[in-house]
Structures are given as structure tokens and as C-alpha cells.
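A.B. asks: Here you go, sequence then predicted model.
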Amino acid sequence: MLDAKLIRANPQVVETALRNRNLPGALDNFLELEKQRRSLLAQVEEIKKFRNQSSQEVGKLKKQGLEPEELMEKVRQAGQEIKELDEQVNVIEAEINKILLNIPNIPHDSVPIGIDDTSNLEIRRWGEPRKFDFEPLAHWDIGPNLDILDFERAAKLSGARFAVYKSGGARLERAVVNFFLDTHTGCHGYKEIFPPFMVTADCMRGTGQLPKFAEDMFKIEGRDMYMVPTAEVPLTNLYREEILEEKDLPLYMTAYTACFRAEAGSHGRDTRGIIRQHQFNKVELVKITSAETSYEELEKLTGDAERVLQLLGLPYRVVLLSSGDMGFSSAKTYDLEVWMPGYNDYKEISSCSNCEDFQARRANIRYRPASKEKIRYAHTLNGSGVAAGRTVAAILENYQQADGSVLIPEVLKPYMGGLERIEK
RNA sequence: GGAGAGAUGGCCGAGUUGGCUGAAGGCGCUCGCCUGCUAAGCGAGUAUACGGCUAAUACCUGUAUCGAGGGUUCGAAUCCCUCUCUCUCCGCCA
């Protein structure tokens, strides 16, 4: 959520930013409604002032044994007016709030302007895509061939966009998750959290999934709750409605959760394999920082996510998303794209964002600066560290052998009980 | 699922015959004083949001906020209703 005062003070700046996010005219009624709101507030507060003073007066008079009927009647009428005006204020504030909740974050100055991913900027590459002396297969062929991924039986259980992992595949998924968590807690200083997989609508509003993206999520029937689409939601909301001390910042948190996404708008995309599933596993990184340090923390967080790909020996590149390609809550996002021989291309495996105070304002996460200034909104960051399913897919494709087997990356062997390769 | 208790400021904790309580007291924190040594003592200060004023996110001022919402009343942290959450006991259960 943007600061209403900022919009009021610099409407053209915000307009421009929103145009760069393909949302012209998002502010249309906002300024007018704001004006109405302030005018009504001035009126109603004036009457409330009268009521407060008068009812105190009544109290004093009554103590003297008087019955100030006339004054009491006046206050009664004032109360009526207050009720009506409050009603109007509520309606207008609800409208303003609706607008505010649907406006995305403003891109940071360093973000390239563009309408979609064609304006994204490649920042760096790591690793060399492997040269195969045979025709490499895609993971949706490798997995079933080795009988470690079963899409047909998954469909029997749950329909499209689900997978069943079996034997070495199941263990590989688990190994990857544990390797990520161990690395981030052991080497990068994150605190491990194991949160609920279902959260309230308030949490979803706090991180920006609601109200705009309700159709992307799985809602719990009969309850005001949702399956988490990413651990970013519970981790960031851990500190909702709290005031932190600057000396305790930054907070580094990591969590494994399953993630649940309806994928409503992606019919026909990535229908094969485990790239785009309704349920997938992910280890997430979340930071809560002061306003001054969030951008250097974003670089570090991105580096932490890169580190696990490096340790796995998976070639990747880092891409800075353009204004038109960024997520709703983000001010700046780096995507990590891993090399997938089956696609002969890089595929997104992590997305690292600085949301600045956008989520903090929605979720009311604040901190008391060490300098004793006024309380401020914290900055929140999140990044995949990284998606487990896509990592497994990348391992299958990058480590496949001519005989159909798949070698286990060195760092995962301890997690695989010493297994060297998955074979039929 | 049954029975009971409770939700107050950064924290703890007063306040329930409705009014002068934005809220005692304590802790913590900040500033100052004092003390010949990391302790103690003394004094002062210390909520947030929104509005007005303003160059100001500085003053000053108004309104709101004692879990949330609604009601009664001239006036509610204090009375009534609904909801949410927490705790204790019983039952059930991975």
C-alpha cells in the first residue's frame, strides 16, 4: 500500500510510476475522494468537539443538582449528526482503501522501464551450460523413465498440475529442501521457521495477495482462510501489527512450506512436468530491515539464493525485472533463472524482491529507530531460496546421463544416504 | 465438543455504584544532576493514527483509539449484545 500523503503530495510522480506498471488511471478518483474525506472529517470532528465539551458541562451541572434539559437535547441532536457524518466518512474511507489496496508498489529508480519481460535486464551469468554428446531429455521424460515421477497416477488423485514423486525422486525433493534449509541457516544466518500452511485473509492482505489476486489462491471452504501460495506470506506476517526495535533488525528468516497456487491465468503454460504445479515445495527467504539497509540486503539475499545453485553446480543467470514484469508488492526484483537443457533455455527458479514499506504499511510492521526518531515502517524483502520442484527438474535435466540415469550433485549425496546416482 | 476465566500504553499492571483517566503505579528507554572506579540515588521526559495550522515527518491544536463490531446514554475502558482470540479444567484425537 502506498502512503496516501505521498500520493496527495506528488500525484504526477505516482501516476507516472503506475503508467510504467501498465496501470494508467489507477488514481482517478483518489484525489477527489481524499478531498471529500478531509472535508467531512473537519465537519464531524468539530461536532464531536462540541459534544465532548457539552457533555462534560452537563456532568458539572448535574453535580450541582441541575437538569440542563436544553443542553442535553442539543447534544442528542449533535450525536445524530455525528452518526450520519461518520457513516459518510466510513463509506468514503472504504472506497479510498479499496483504491489504495489495489495500487501496486512504485518501482525503484534502478528498475528498467518497460511493459513486459522483453525489457528485463540480464545482470550476470554463472556456470556454463553443459554440452551433451547425446540428445538431452526433458525432466518429464526422465522422471517417468526412472519411475521417480508419476504424472498419470497424480492425475488420478488430484487432476492436472499435480505430481507424485517416488523413491529416488521423493528423496531428492526432500534432500533439496533440507540442503537449502541447512545452507541458509548454517551459512547465511537465517532463522528457521516452520509456519502454518493456512493463513487468514488478513495475512493475505498484508503481503499483497488480496484483494487483487484472490483467484490465484486456494480458499478454505467456509472459512476466511487460504492455503499459502508462498512462505513469504506467513513469514512476513509473523510481525504484523508489531513495533520492532532497530537494534533487532535485520531479521533473517527461512522456511520450507508447500505452496499452493490456483494458476488460474496460466492455462496451457508449462503443462508438462513439474515446473508449474498447484502444489510445490519451496524454501523461502524473508528479511525485515530498516529503511536504510533494504537495498544492500536485497543484494545479499539474492546472493544467498544464488549460492545454493552454485553449490549444486546448476548454471543460472540473474535478471533484473522491468517495471512491467514485476510483482504487485515489489519495488525491485531480481529473478534467478536456471539453465534447463530440456527447454534449451533459462527458467525462473527464484524471485528476490525488495517491497520497501509497501507490505509493512499494509501489515503494520514498524520499528523504533535507534536514534529515537518517530516510529517508521520497516522494509520487507523476500526471495525463493529456491523452489524445490524446479530444482529437482533442473538436476534431472542437467545431471542426466546417456544411459538414462541421473547423477546426484556432490553436495546432495549426504542427504541421499550416499547415493551416487538414480537409475532404473 | 462441555465448564469457567480473561483481553488496557514497548512490557507488567491499576481502574467495573458510567463523567475531571490517554489512562495511576512499576519496569524499560531517553536527557540532565549527583556519586573518586561497570552499582546505587535524584529530577524531567517517554503512545499511535488521522485532520487543521505550517516550509516542516518542528511546535500548537482537534478527533479517534483500553481485543473487534454494534447498542444504551447528554456522556462508556467502565452497562448491554454479537464476534474473535488467549488461558484453565474435562472429553476426544495425529
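C.D. replies: Nice, I can see it.
A.B. asks: can you tell me the residue of the stretch 101-250 of chain A closest to RNA strand B?
C.D. replies: The stretch 101-250 of chain A approaches RNA strand B most closely through A:I243 (4.8 Å), counting by C-beta to the nearest atom of the strand. Heads up, the C-betas are built off the backbone N, CA and C, glycines and all.
A.B. asks: could you say which helix or strand contains that residue?
C.D. replies: A:I243 belongs to strand A:242-245 when assigned by DSSP states H and E.
A.B. asks: Identify each buried residue in that strand, please.
C.D. replies: A:L244 (16 or more other C-beta atoms under 10 Å).
A.B. asks: and what of stretch A:363-373?
C.D. replies: Buried residues in stretch A:363-373 (16+ other C-beta under 10 Å): A:A363, A:I365, A:R366, A:Y367, A:R368, A:P369.
A.B. asks: low pLDDT regions in the stretch 301-424 of chain A?
C.D. replies: Along the stretch 301-424 of chain A, the model assigns pLDDT under 70 to residues A:372.
A.B. asks: all strands of it, in order?
C.D. replies: A:316-320, A:332-340, A:345-354, A:365-368, A:376-377, A:379-387, A:406-407, A:421-422 (DSSP state E, counting those that start in this stretch).
A.B. asks: picking up where we left off before, please tell me how far the strand holding A:I243 is from the chain's geometric centre.
C.D. replies: 20 Å (C-alpha atoms, centre = their mean, to the nearest Å).
A.B. asks: And stretch A:158-171, by the same measure?
C.D. replies: Offset of stretch A:158-171 from its chain centre (C-alpha atoms, centre = their mean): 26 Å.
A.B. asks: what's the average pLDDT for that stretch?
C.D. replies: When pLDDT is averaged over stretch A:158-171, the result is 96.
A.B. asks: How about stretch A:132-148?
C.D. replies: 97.
A.B. asks: Provide the contact partners of that stretch at residue level.
C.D. replies: Stretch A:132-148 is contacted from outside by A:149-151, A:165-170, A:172, A:272-274, A:340-343, A:392-394, A:396-397, A:400, A:402, A:404-406, A:422-424, using C-beta atoms under 8 Å, 6 or more residues apart in numbering.
A.B. asks: which residues sit in contact with the residue nearest to A:C187 when sequence neighbours are not counted?
C.D. replies: Excluding the flanking residues, the one nearest A:C187 by C-beta to C-beta, 6 or more residues apart in numbering is A:R307, at 7.4 Å. By C-beta under 8 Å, 6+ apart, the residues touching A:R307 are A:T183, A:C187, A:H188.
A.B. asks: Which one (most neighbours) among those residues?
C.D. replies: In terms of neighbour count, A:T183 stands highest of the contacts of A:R307 at 20 neighbours, by other C-beta atoms under 10 Å.
A.B. asks: mind listing the helices for the stretch 151-300 of chain A?
C.D. replies: Under the criterion DSSP state H, counting those that start in this stretch, helices of the stretch 151-300 of chain A are mapped to A:151-158, A:167-186, A:201-207, A:232-237, A:294-312.
A.B. asks: Buried residues, the third one. List them.
C.D. replies: Think helix A:201-207. A:A201, A:C203, A:M204, A:R205, A:G206, A:T207.
A.B. asks: Max pairwise distance over those residues: which two?
C.D. replies: Across the buried residues of helix A:201-207, the longest distance by C-beta to C-beta is 11.4 Å; it joins A:A201 and A:T207.
A.B. asks: To what extent is A:G222 buried, counted in neighbours?
C.D. replies: 6.
A.B. asks: Kindly report the same for the one 5 residues further on.
C.D. replies: A count of neighbours around A:M227, defined by other C-beta under 10 Å, yields 20.
A.B. asks: A:I106 now?
C.D. replies: A:I106: 21 surrounding residues under other C-beta under 10 Å.
A.B. asks: Hmm, A:V14 and it touching each other?
C.D. replies: Yes: the criterion here is C-beta atoms under 8 Å, and A:I106 meets it with A:V14 at 6.7 Å.
A.B. asks: Need the overlap of contacts for these two.
C.D. replies: Common neighbours of A:I106 and A:V14, using C-beta under 8 Å, 6+ apart, are A:L2.
A.B. asks: how much space between the residue of the stretch 101-250 of chain A closest to RNA strand B and A:R366?
C.D. replies: 5 Å (C-beta to C-beta, to the nearest Å).
A.B. asks: And A:P112, by the same measure?
C.D. replies: 31 Å.
A.B. asks: hang on, the earlier thing: right, and the strands of the stretch 301-424 of chain A - which one's nearest A:R38?
C.D. replies: Short answer: strand A:376-377, nearest of these by C-beta to C-beta, at 22.3 Å.
A.B. asks: what's A:E81 sitting at in phi/psi?
C.D. replies: phi -60, psi -40 (degrees, to the nearest 10).
A.B. asks: Model confidence score at the residue in chain A sticking out farthest from the centre, please.
C.D. replies: The outermost residue of chain A, judged against the average C-alpha position, is A:G65 (62.5 Å), by C-alpha atoms, centre = their mean. pLDDT recorded at A:G65 is 81.
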